[in-house]
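Novice: Fold the following and give me the result.
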Amino acid sequence: MTTDSAFVTVATFGDLQSAQLVAARLEAQGIPVFVPDEHMAGQAWHLSPAMRGVRVQVPSHRLEDARTVLGAQPEDRDPDDGPTEGDRLADRAWKTAIVGFLLWPFLHPYGFWLALSTLRRDDLTPRARRRARRGLVLCALSLVALAYVAIRLL
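Specialist: Sure thing, here's the model as predicted:
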């Protein structure tokens, strides 16, 4: 590893094995590689999503060479770059719906609004869209149950 240049991320992967395969491919082409998340992902693999994946880095002056080796253009967005803002919102909507059962009924109006606003976004992956829909349905059912309980108590 050289110290005369800052390292920049050329790709991010969901698991350590994929990152190591790409790192080996780049090293085989003579490009220095650094995987800063390697030890964490190896020891605590279950935390990789929380770390937003495992990064593969190269010296900034070799970035274009690395992209050429990997077949990516500078403007391409790698699907393994991590979740989009819409994906993060969908996850939050789903988690809010689940946690809402513990704090019933206080989080469900927020979860319903969050899921509904998330579904209007264009940058959702299919997985995130399904997750937001599930959160919306779960919150809607909880709000209906809350209305039923309120009517029965009156």
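Novice: from here on, contacts and neighbour counts on C-alpha atoms
Specialist: Fine.
Novice: How many residues are close by the residue nearest to T125 when sequence neighbours are not counted?
Specialist: Once flanking residues are discounted, T125 sits nearest to D87: 6.7 Å by C-alpha to C-alpha, 6 or more residues apart in numbering. For D87, the neighbour count with other C-alpha atoms under 10 Å is 22.
Novice: In which helix or strand does D87 reside?
Specialist: Assigned by DSSP states H and E, D87 belongs to helix 85-100.
Novice: And that helix, what does it pack against?
Specialist: Here helix 85-100 touches helix 108-119, helix 126-153, going by 3 or more C-alpha pairs under 8 Å, 6 or more residues apart in numbering; DSSP states H and E.
Novice: got a markdown table for the ones you listed, with mean neighbour count, distance to V99 and mean pLDDT too?
Specialist: Converted to a markdown table, the helices and strands packed on helix 85-100 look like this (neighbours: other C-alpha atoms under 10 Å; distance: least, C-alpha to C-alpha, whole Å; pLDDT from 0 to 100):
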| stretch | mean neighbour count | distance to V99 | mean pLDDT |
| --- | --- | --- | --- |
| helix 108-119 | 21 | 9 | 85 |
| helix 126-153 | 17 | 11 | 86 |
